[in-house]
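Trainee: coords please:
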Amino acid sequence: MSNFSKEFLVNIMGDLIRLKTGMSKNDVVSILGQPIKTENCKGLLNEKLIFKINCGQPKLVSYSALFTDQELVYVAKLN
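Mentor: Numbers count the residues shown, from 1 in each chain. Sure thing, here's the model as predicted:
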């Protein structure tokens, strides 16, 4: 049984922002800001962006977003 969500919540300065699978890379970057790192994955169409987000705490929180063919697949909190 799959437990894969099609929606992801990201805390930005205390506001919960909802990102959805299939969103364009441009839309995600306009919401989360410029990524601090870009990684190319095994497939030529896959790209992973790493974002540092201020969520109202002293330490920035890192999120990883995977895109396939410029569309969002998932968002994961790294720390």
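Trainee: Provide a list of residues in contact with residue 56.
Mentor: Contact analysis of residue 56 by Cβ atoms under 8 Å, 6 or more residues apart in numbering lists 11, 13, 14. In short, each C-beta sits where N, CA and C put it, glycine included.
Trainee: Then residue 48?
Mentor: For residue 48, counting by Cβ under 8 Å, 6+ apart, the contacting residues are 38, 39, 40, 41, 64, 65, 66, 67.
Trainee: From the contacts of residue 56, keep the buried residues only.
Mentor: residue 11 (16 or more other Cβ atoms under 10 Å).
Trainee: from the contacts of residue 56, which ones fall inside strands?
Mentor: residue 11 (DSSP state E).
Trainee: pLDDT and distance to residue 32 for the contacts of residue 56 - can I get that in TSV?
Mentor: Formatted as TSV, the contacts of residue 56 follow (pLDDT from 0 to 100; distance: Cβ to Cβ, whole Å):
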residue	pLDDT	distance to residue 32
11	86	11
13	85	12
14	83	15
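Trainee: Closest one of the contacts of residue 56 to residue 71?
Mentor: residue 11 (22.9 Å; Cβ to Cβ).
Trainee: give the contact list for the most centrally placed residue in the chain.
Mentor: In the chain, the centroid-proximal residue (Cα atoms, centre = their mean) is residue 65; its distance is 3.2 Å. Taking Cβ under 8 Å, 6+ apart as the criterion, residue 65 is in contact with 19, 28, 32, 35, 48, 49, 50, 51, 72, 74, 75.
Trainee: Which is the succeeding secondary structure element to the helix or strand containing it?
Mentor: Assessed by DSSP states H and E, residue 65 sits inside strand 61-68. Where DSSP H and E defines the elements, the next helix or strand beyond strand 61-68 is strand 71-77.
Trainee: May I see the buried residues of that next one?
Mentor: 72, 74, 75.
Trainee: Also stretch 39-49?
Mentor: 47, 48, 49.
Trainee: Likewise for stretch 6-25?
Mentor: For stretch 6-25, by 16+ other Cβ under 10 Å, it's 8, 10, 11, 12, 19, 23, 25.
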